[in-house]
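> Any chance you can model this:
(one chain, ligands or ions: 1)
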Amino acid sequence: MKILSGMQPSGTLHLGNYLGALRQWVEVQSADAHYCVVDLHALTLQISPEMLRKNTTDLLATYLAAGLDPEVCTIFIQSQVPYHAQLNWLLECVATYGELSRMVAFKEKSARQEGYRVGLLTYPVLMAADILLYDTEEVPVGDDQRQHLELTRDIAERFNNRFGDTFTVPLGVQPKVSARVMDLQEPTRKMSKSISSPLGTIYLFDSPSDIKRKISKAVTDTDGDVRYDWETKPGISNLLEIYASFAKETPDAIASRYTRYGDLKTDLANLMVENLSPLRESYDRLIQSPAELHAVAERGAEKAREQAGAVYRRAAQAMGL
Ligand code: AQP
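Numbering: from 1, shown residues only. Take a look at the predicted model:
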């Protein structure tokens, strides 16, 4: 199965990025899987060059710490494969302004920024280019990316209809639980990198004491009944999904073992510390070896350029270039 996914180097990953995306990537890695650090996407944010460079290296180390293996799959940095930006332009001439302006992420992010730039409107087209360049069949992403995935499918189908069969039309795949991890303080809003919520966001490399503190302060409700029910109990349901995701059980099975919120929270916090500590230790080790990280990225980009070049040429030729 041909797979591609990526993340923006826009800061330390949170639990949603891990459970919704990165952990699935590790489970399905193979010689046909491509995972990239999408640094071009991060240019849509207000980010200094130094910070972007640091975040890019950090994210690469995080991929490896989480278990992606460069001997098994292709790991690369998007900007080191120029075909992404090149195919982006071809696809911008296929996508419409109307469909881009209907993207929920664009509406939400543009409402929070004054003088937002054109890239915020068009980055879903770049995402389509990222995916289509690798003849991707499946894209493992969190639930918040569904609309962008639909757009990618629409663009691929429109291109194929107009210029002949060129692109594989990909499918988005989400994990069964924790496809949308919610903010611990505001469980009706997704956990997010760009909205600051110090107690509501668990970062992948939080210390054990921070994880325990944030879980113990997570918003629940007053009826005291441990039940998996998003409609009336979003706070508890969020914790049950996170628990289920780490324990590889169903949220209902976990709920049936608890009668008190406090006990559920204590066990969940311990389980998280147990699962996340090895990642943090591995990251601390990897980040000390920038030359090794650089070599992984170089090797990955070389492999990615070969694959992406062939698809880019196919698309360019189909359009008459
Ligand atoms: N809360 C979440 N639950 C499950 N999955 C999530 N993802 C993001 N938030 C959650 C998934 O993580 C990947 C990150 O992709 P990205 O780096 O492009 O970031 P993003 O989609 O912009 O989400 P962030 O990291 O929270 O930033 P904000 O919301 O601030 O833009 C994707 O697979 C995404 O689905």
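
> Show me what stretch 126-134 is in contact with.
2, 4, 6, 34, 36, 38, 40-41, 78, 81, 83-85, 87-88, 90-91, 95, 139, 148, 151-152, 155-156, 167-168, 170, 304, 307-308, 311-312, 315 (Cβ atoms under 8 Å, 6 or more residues apart in numbering). For every residue, glycine as well, the C-beta is placed using N, CA and C.

> can you do 7 Å?
Contacts of stretch 126-134 from elsewhere in the structure, counted by Cβ atoms under 7 Å, 6 or more residues apart in numbering, are 2, 4, 6, 34, 36, 38, 40-41, 78, 83-84, 87-88, 91, 139, 148, 151-152, 155-156, 167, 170, 307-308, 311-312.

> Over to stretch 232-240?
Under Cβ under 7 Å, 6+ apart, the answer for stretch 232-240 is 181-182, 187-188, 218-221, 226-230, 251, 254-255, 261, 264-265, 268.

> what about that stretch and the ligand, any contact?
No - using Cβ under 6 Å from any ligand atom, stretch 232-240 stays clear of the ligand, with a minimum separation of 9.8 Å.

> So which bits of that stretch are buried?
Neighbour-count burial for stretch 232-240 flags 233-240 (criterion: 16 or more other Cβ atoms under 10 Å).

> ok, of those residues, which one's closest to the ligand?
Ranked by distance to the ligand (Cβ to the nearest ligand atom), these are led by Asn238 at 9.8 Å.

> Can you tell me how far that closest one is from Ala291?
Distance, Asn238 to Ala291, using Cβ to Cβ, to the nearest Å: 41 Å.

> cool, Gly67 as well?
Distance, Gly67 to Ala291, using Cβ to Cβ: 21 Å.

> and the two? which has more neighbours close in?
Gly67 (16 against 6; other Cβ atoms under 10 Å).

> Please look at that one and Val26 and confirm they touch.
Yes - at 4.0 Å, Gly67 and Val26 qualify as touching, with contact defined as Cβ atoms under 7 Å.

> per-residue pLDDT, Met319?
Per-residue pLDDT puts Met319 at 98.

> again with Lys109
Taking Lys109 on its own, its pLDDT is 89.

> Report how many residues lie close to it.
Quick note: Lys109 (other Cβ under 10 Å) scores 17 neighbours.

> How about it, nearest residue that isn't a chain neighbour?
Leu120 (5.9 Å; Cβ to Cβ, 6 or more residues apart in numbering).

> Does the ligand have contacts with the helix or strand containing the one you found?
Leu120 is part of helix 118-132, with elements assigned from DSSP states H and E. No - interface with the ligand: helix 118-132 contributes nothing (Cβ under 6 Å from any ligand atom), its closest point being 8.2 Å away.

> could I get that helix in CSV with only the CA atoms?
Taking Å, rounded to 0.1, in the frame of the first residue of the first chain, the C-alpha atoms of helix 118-132 are listed here in CSV:
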residue,chain,number,x,y,z
VAL,A,118,-2.4,34.0,0.2
GLY,A,119,-0.6,30.8,1.3
LEU,A,120,-3.2,30.3,4.1
LEU,A,121,-5.8,30.0,1.4
THR,A,122,-3.8,27.9,-1.0
TYR,A,123,-1.9,25.5,1.3
PRO,A,124,-4.4,22.7,0.8
VAL,A,125,-3.4,22.6,-2.9
LEU,A,126,0.2,22.1,-1.8
MET,A,127,-1.0,19.3,0.5
ALA,A,128,-2.7,17.8,-2.6
ALA,A,129,0.6,18.0,-4.4
ASP,A,130,2.5,16.4,-1.5
ILE,A,131,0.1,13.4,-1.6
LEU,A,132,-0.4,13.0,-5.4
